[in-house]
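Trainee: What would the 3D arrangement of this be:
(one chain, ligands or ions: 1)
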Amino acid sequence: MKITVINGTSKKGVTYRLKETFLEAFRETAEITEFYLPKDGPGFCVGCTACFRNNAAQCKDAAKVQAIEKALLEADLLVFTSPAYVFHTTGAMKAMLDHFGYRWMPHRPAPEMFGKRAVIITQALGAGEKSTAKDIRDSLSWWGITYIRTCSFKLLGEIEWDKLPAKKRASMEKRLRACAGKFASIDYTKPARTGVVAKAKFYAVRMLQTSLGKDNPEYTDFKYWKEQGWIGAGRPWKRA
Ligand SMILES: Cc1cc2nc3c(=O)[nH]c(=O)nc-3n(C[C@H](O)[C@H](O)[C@H](O)COP(=O)(O)O)c2cc1C
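Mentor: Residues are numbered from 1 along each chain as shown. So this is what the prediction gives:
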């Protein structure tokens, strides 16, 4: 199986240690590709809208965005990690997610995403670990992914891994290993099931695209939906 990890920080700190614990279960068996942001990621979106207009290659950061997208689409399991920075995901993660705005369901979602599985690992010193996970989850669910699990932690009192009480480290590792065990037992030859919320979003957008397409059949997103067969009977969760 293939795993793609998007690390919201390049620091080898607490977030890194939590992610390493999660990956232990897969080290022997999986092909793991990792991106460390901001180092391996695109710069800030400057709003050129080339991607929305189906000219993603014209984005100033196209090479980095496309490398990440390729790895995400090829992976069976996606792992996203982030510390809480002022109650939200890191600026680097947000900058990367902005580049995939055109992959949100109202635009041109990748059909592969509907069958993916993802885990989000976040932590905060005292508060904000859940809102941080939500920042990432919002994008993943609008990309079409239903199977998303989050592992969020409060460190409480200390932000250096080696200075955390051994009991605290052990309890976080135990939770992550249990979560990894569940992901390791999945049969990745079968895509994940698409849930009712993703389907409801899909049908709402389908209505919108159908109506937009009547006014302008050359509209980029409508043409994409039509090519995918989604304006007709095709559905991204029923791929051959
Ligand atoms: C810029 C910045 C903002 C932070 N904001 C919060 C916050 O809002 N809530 C919180 O509990 N911890 C906050 N922290 C602590 C981090 O969430 C995290 O626990 C700490 O950076 C250690 O993680 P790391 O070793 O992976 O970097 C912040 C840290 C930084 C550097």
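Trainee: ok, the residue in the chain sticking out farthest from the centre - contacts?
Mentor: Distance from the centre of the chain peaks at Asp215, with 33.1 Å (CA atoms, centre = their mean). Residues near Asp215 by CB atoms under 8 Å, 6 or more residues apart in numbering: none. (C-beta placed from N, C-alpha, C; glycine too.)
Trainee: Then Arg169?
Mentor: Arg169 neighbours (CB under 8 Å, 6+ apart): Trp161.
Trainee: Now that we're looking at the nearest residue to Gly115 once chain neighbours are set aside, what pLDDT does it have?
Mentor: The shortest distance from Gly115 to any non-neighbouring residue, by CB to CB, 6 or more residues apart in numbering, is to Pro191 (2.5 Å). Looking at Pro191, its pLDDT is 96.
Trainee: which residues of this structure fall in helices?
Mentor: Assigned by DSSP state H, the chain shows helices spanning 14-23, 62-74, 91-98, 129-143, 166-184, 196-215, 220-228.
Trainee: Using TSV, lay out those together with distance to the ligand and mean pLDDT.
Mentor: Converted to TSV, these look like this (distance: least, CB to the nearest ligand atom, whole Å; pLDDT from 0 to 100):
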stretch	distance to the ligand	mean pLDDT
helix 14-23	3	98
helix 62-74	20	98
helix 91-98	9	98
helix 129-143	7	98
helix 166-184	12	97
helix 196-215	28	97
helix 220-228	36	97
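Trainee: Trp237 is nearest to which of these?
Mentor: helix 196-215 (7.6 Å; CB to CB).
Trainee: in the closest one, what's buried?
Mentor: Ala198, Lys199, Lys201, Phe202, Val205, Gln209, Gly213 (16 or more other CB atoms under 10 Å).
Trainee: which ones are touching the first one?
Mentor: For Ala198, the residues meeting the contact criterion (CB under 8 Å, 6+ apart) are Met105, Phe114, Ser141, Gly144, Ile145, Thr146, Trp237.
Trainee: Stretch 115-127 close to the ligand?
Mentor: Yes. Using CB under 6 Å from any ligand atom, we find that stretch 115-127 touches the ligand at Gln123, Ala124, Leu125, Gly126, Ala127.
Trainee: that older thread, next up, the contacts around the residue nearest to Gly115.
Mentor: Phe114, Gly115, Lys116, Trp237, Arg239.
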